[in-house]
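> the sequence and its predicted three-dimensional model are supplied below.
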Amino acid sequence: MMPTFREIEDADVPAVIVLWHESGVARPWNDPATDIAFARRGPHGTVLVAEIDGRVVASAMAGEDGHRGWLYYVAVAPDQQGTGLGRRMVAAAEAWLAARGVWKVQLLVRRENAAVLGFYDHLGYRDTNSVCLQKVIAKA
């Protein structure tokens with residue numbers, strides 16, 4: 001069965017949160033419901049899902065900051081991994097960004113998730129040799 005790629009709907013939120021936990025992209029310090037709501041609050045971000053037979057099987061959060069596009073929460077249901085769905089999910093997110101005039105896409109990979117680096121390398125993503133710094137300025 002071929003997946004359908006589309007923007008998230010309110011009814012999808014619980015399934016996407018389960019997907020993020022099952023696929024290992026959720027972290028205890030990030031509330032998935034808050035992150036989804038934040039991405040959907042305006043025209044600069046979204047969460048895309050892939051659906052097969054009414055079941056959400058993949059996601060990608062995409063956003064742009066006026067200079068670059070970013071991908072987050074690229075997730076594929078464990079029983080769908082290795083089928084090419086991840087590649088297609090990334091392509092859908094890249095297309096969403098390209099439709100908004102974004103020509104450069106970046107993403108972050110946690111050091112402990114080194115196994116996924118080969119996946120992104122195969123898709124043409126390269127290490128920027130940059131250091132990502134962070135400061136929490138307000139509690140969401």
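Nice, thanks for sending it over. Numbering: from 1, shown residues only.

> list the beta-bridge partners for the closest residue in space to T46 that isn't next to it in sequence.
Ranked by C-beta to C-beta, 6 or more residues apart in numbering and with sequence neighbours excluded, the top spatial neighbour of T46 is E7, at 5.2 Å. For the C-beta atoms, the positions are set from N, CA and C on the backbone; glycine is no exception. Beta-bridge partners of E7, counted by DSSP bridges, are L48.

> what stretches of the chain score poorly on pLDDT?
140 (pLDDT under 70).

> which helix runs longest in it?
Longest helix in the chain, counting residues (DSSP state H): helix 85-98.

> list the contacts of that one.
Here helix 85-98 makes contact (C-beta atoms under 8 Å, 6 or more residues apart in numbering) with 3, 5, 46, 48, 50, 57-62, 64, 69, 71, 74, 76, 105, 119, 122-123.

> equivalent analysis for stretch 115-126, please.
Stretch 115-126 is contacted by residues 86-87, 90, 105, 107, 109 when judged by C-beta under 8 Å, 6+ apart.

> what helix or strand is the residue positioned nearest the centre of the chain on?
Nearest to the geometric centre of the chain sits A60, at 2.6 Å (C-alpha atoms, centre = their mean). Element membership for A60 (DSSP states H and E) is strand 55-64.

> can I assume P32 is in contact with W20?
Yes. The pair P32 / W20 is scored as a contact, 5.4 Å apart, by C-beta atoms under 8 Å.

> need the residues touching each of these two.
Common neighbours of P32 and W20 (C-beta under 8 Å, 6+ apart) are A26.

> one step back: the strand holding A60 packs against which elements?
Strand 55-64 is packed against helix 13-23, helix 32-39, strand 45-52, strand 69-76, helix 85-98, with contacts defined by 3 or more C-beta pairs under 8 Å, 6 or more residues apart in numbering; DSSP states H and E.
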